Each structure stands twice: as C-alpha cells, then as structure tokens.
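Enquirer: quick check, what structure comes out for this input:
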Amino acid sequence: MRKVFDEDSILLKETFEDKTAAIRKAGKMLYDRGCVDPEYIDAMLERDEKVSVYIGNGVAIPHGVAGSEKYIKASGVSFIQVPEGVSFGENKTAYIVIGIAGVNDEHLDILAKLAITCSDIENVEKLRTAQDKQTVMKILSDV
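Expert: Coordinates of the predicted model:
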C-alpha cells in the first residue's frame with residue numbers, strides 16, 4: 001500500500017463552528033490531494049448522519065457511506081487538530097478529526113490502524129497538543 005499520509009495531510013490549531021464544517025474540511029483536504037471527487041465529501045456527511053463518526057477518546061474519523069467508493073481515486077488520510085474541540089453530539093467533543101478514503105478495502109486497514117493508535121488516550125493527548133507536524137507524523141507512523 002502506498003503512503004496515504006504525509007505532512008501535507010496535517011492541519012494544526014484549527015477551529016470549527018460545528019461538526020459539519022469539520023467534516024467538510026477533512027473531505028476537502030482529501031479532495032485537494034487528489035484522493036476523492038467532491039461528491040465524497042457529501043458521502044462523509046451522510047455517514048455521520050446515519051452513524052456518528054465520533055469513535056470516542058476525543059476522536060472523530062469521518063469517511064464515506066457504502067457505495068461512495070466510486071468517488072475515491074486514491075487512498076488517503078487527512079488529520080485535523082482542533083485544540084478547543086468541536087461537538088459531535090452530547091458528550092462527544094472531538095479534538096482530532098481524521099478523514100479517510102480507501103480504495104477497495106484499504107479503508108478497513110486504515111481504520112483499524114487509527115483505532116488502535118487512538119484507543120491509547122496518551123496518544124490522543126499528544127496529538128491534541130502537538131505543536132508541530134513531525135510529532136503527529138511520529139505518532140501516526142503506522143498509517
């Protein structure tokens with residue numbers, strides 16, 4: 001699998017009015033990198049409407065609904081640090097928003113790796129407070 005994540009995939013110290021804006025930004029980053037068609041962003045929003053993309057520990061991982069694979073050109077990951085947090089529902093504040101797109105079943109592998117990394121609250125706290133992209137890259141080096 002080619003590298004799906006690099007320093008150009010990272011935004012630090014962002015703020016968002018709501019989860020829709022955060023998901024749109026994560027999707028636009030994937031679009032800007034040539035990973036997805038613009039329709040994939042709508043599929044990411046639809047996914048969150050059906051089932052929350054908030055996975056716990058202050059992390060949300062927006063990705064498209066089933067059937068949106070046709071809008072994916074290449075596997076990719078976008079990472080957004082939101083130090084003040086953005087609400088994904090009652091008692092669901094995300095400080096880390098990670099957009100993913102995976103060709104074929106690569107998204108399952110990406111999701112699994114991210115879930116393992118983000119299940120460690122120490123990793124999440126380091127990602128939430130990271131002052132530079134290199135720190136994020138080091139923690140997410142397996143993706």
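Enquirer: show me what the lowest-mean-pLDDT helix or strand in the chain is packed up against.
Expert: Among the helices and strands of the chain, helix 106-118 carries the lowest confidence by mean pLDDT, DSSP states H and E, at a mean of 87. If you count contacts as 3 or more Cβ pairs under 8 Å, 6 or more residues apart in numbering; DSSP states H and E, helix 106-118 packs onto strand 93-101. In this view, the C-beta of every residue, glycine as well, is placed from N, C-alpha and C.
Enquirer: re the thing from before, quick one: the least confident helix or strand of the chain to strand 93-101, angle?
Expert: Going by axes from the mean of the first three to the mean of the last three Cα atoms, to 10 degrees, helix 106-118 is angled at 150 degrees with respect to strand 93-101.
Enquirer: what lies in contact with the following helix or strand past helix 106-118?
Expert: With elements assigned by DSSP states H and E, the helix or strand that comes after helix 106-118 is helix 121-129. For helix 121-129, the surrounding residues in contact (Cβ atoms under 8 Å, 6 or more residues apart in numbering) are 57-59, 79, 81, 83, 95-96, 117-118, 135-136, 139-140.
Enquirer: need these in JSON lines (columns: secondary structure).
Expert: JSON lines is the format used below for these (DSSP: H, G, I helix; E, B strand; the rest coil):
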{"residue": "57", "secondary structure": "coil"}
{"residue": "58", "secondary structure": "coil"}
{"residue": "59", "secondary structure": "strand"}
{"residue": "79", "secondary structure": "strand"}
{"residue": "81", "secondary structure": "strand"}
{"residue": "83", "secondary structure": "strand"}
{"residue": "95", "secondary structure": "strand"}
{"residue": "96", "secondary structure": "strand"}
{"residue": "117", "secondary structure": "helix"}
{"residue": "118", "secondary structure": "helix"}
{"residue": "135", "secondary structure": "helix"}
{"residue": "136", "secondary structure": "helix"}
{"residue": "139", "secondary structure": "helix"}
{"residue": "140", "secondary structure": "coil"}
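Enquirer: where are the low-confidence patches of the chain?
Expert: 1-2, 143 (pLDDT under 70).
Enquirer: mind listing what's buried in the least confident helix or strand of the chain?
Expert: Under the neighbour-count criterion of 16 or more other Cβ atoms under 10 Å, helix 106-118 has 106, 107, 110, 111, 113, 114, 117, 118 buried.
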